[in-house]
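K.L.:
my questions are about this predicted structure, shown below with the sequence.
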Amino acid sequence: MHLTESILIGLALAMDCFAVSITAGTIAKRVVARPMLAMILAFGFFQGAMVLAGWYVSSLFSRILAPVDHWIAFALLSVIGIQMIREGFSPKEEAKFNPFDYKVILTLAVATSIDAMAVGVSMAFMQLGNGWEAVAQPVIVIAALSSLLTIAGLGAGILAGRKIPFSMTPVGGIILIGIGIKIIIEHLNLWP
């Protein structure tokens, strides 16, 4: 696979990471170093790992996961989105949603990377070559771009969050549910 193709695929896969990290940054309104670093690394790692997993176990795993992968991503994003919406409308003393909770970061990393597994499966059918060398470059590029766009999203979200005088938590929840709906629409081929 050419580097240009890897970059384009990486950018497409990283868009969900970018959108989610903007939401997290908007809610935080400030730099929270360790959890943000965990988010950056987790998003990049899971995007790359899911591509690799999809490629490696394409014949077995794709048959099992392909019919439901979009529903899994939708469910994970919707659960977190609904939790964010509820928290956003709770009284200030009751609001506890933290986009930088490590369980939330892990859930978001998995949810935003499930479609990367389908890319890995398609790479297996493209007959890129034998061995890990065949997918090493695309996996590294996809992981790196996902991490870079997560950094950009967190920065943009923090800047936007400082200028917005109200809680962005419900908006973030709606965005996450919207990403889940987008995944369903794409996988069911409902979008022209």
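P.N.:
Great, that's in hand. Residues are numbered from 1 along each chain as shown.
K.L.:
what helices or strands is the biggest helix by length in the chain leaning on?
P.N.:
In the chain, with assignment by DSSP state H, the single longest helix is helix 133-163. Contact here means 3 or more C-beta pairs under 8 Å, 6 or more residues apart in numbering; DSSP states H and E; on that basis helix 133-163 packs against helix 3-28, helix 33-56, helix 102-125. Using the backbone N, CA and C atoms, a C-beta is placed for each residue, glycine as well.
K.L.:
would you turn those helices into TSV with distance to S146, mean neighbour count and mean pLDDT?
P.N.:
Below are the helices and strands packed on helix 133-163 laid out as TSV (distance: least, C-beta to C-beta, whole Å; neighbours: other C-beta atoms under 10 Å; pLDDT from 0 to 100):
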stretch	distance to S146	mean neighbour count	mean pLDDT
helix 3-28	4	21	87
helix 33-56	4	21	93
helix 102-125	8	21	84
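K.L.:
compare the ones you listed and give me the one nearest W132.
P.N.:
Closest of these to W132 is helix 33-56, at 8.2 Å (criterion: C-beta to C-beta).
K.L.:
can you give me the angle the closest one makes with helix 133-163?
P.N.:
150 degrees (axes from the mean of the first three to the mean of the last three C-alpha atoms, to 10 degrees).
K.L.:
chain center to helix 33-56, what's the gap?
P.N.:
Centroid separation for helix 33-56 versus its chain: 9 Å, with C-alpha atoms, centre = their mean, to the nearest Å.
K.L.:
and if you look at stretch 147-165?
P.N.:
Counting by C-alpha atoms, centre = their mean, stretch 147-165 comes out at 15 Å from the chain centroid.
K.L.:
CA atoms of that stretch as PDB?
P.N.:
Output of stretch 147-165 as PDB, limited to C-alpha atoms (Å, rounded to 0.1, in the frame of the first residue of the first chain):
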ATOM      1  CA  SER A 147      -3.000  10.400  18.000                       C
ATOM      2  CA  LEU A 148      -2.100  13.600  16.200                       C
ATOM      3  CA  LEU A 149      -5.800  14.400  15.400                       C
ATOM      4  CA  THR A 150      -6.600  13.600  19.000                       C
ATOM      5  CA  ILE A 151      -4.000  16.200  20.100                       C
ATOM      6  CA  ALA A 152      -5.500  18.700  17.700                       C
ATOM      7  CA  GLY A 153      -9.000  18.000  18.800                       C
ATOM      8  CA  LEU A 154      -8.200  18.400  22.500                       C
ATOM      9  CA  GLY A 155      -6.500  21.700  21.800                       C
ATOM     10  CA  ALA A 156      -9.300  23.000  19.700                       C
ATOM     11  CA  GLY A 157     -11.800  21.800  22.300                       C
ATOM     12  CA  ILE A 158     -10.000  23.500  25.100                       C
ATOM     13  CA  LEU A 159      -9.900  26.800  23.200                       C
ATOM     14  CA  ALA A 160     -13.600  26.600  22.300                       C
ATOM     15  CA  GLY A 161     -14.600  25.500  25.800                       C
ATOM     16  CA  ARG A 162     -13.000  28.500  27.400                       C
ATOM     17  CA  LYS A 163     -15.100  30.800  25.200                       C
ATOM     18  CA  ILE A 164     -18.400  29.000  25.800                       C
ATOM     19  CA  PRO A 165     -20.000  30.200  29.000                       C
END
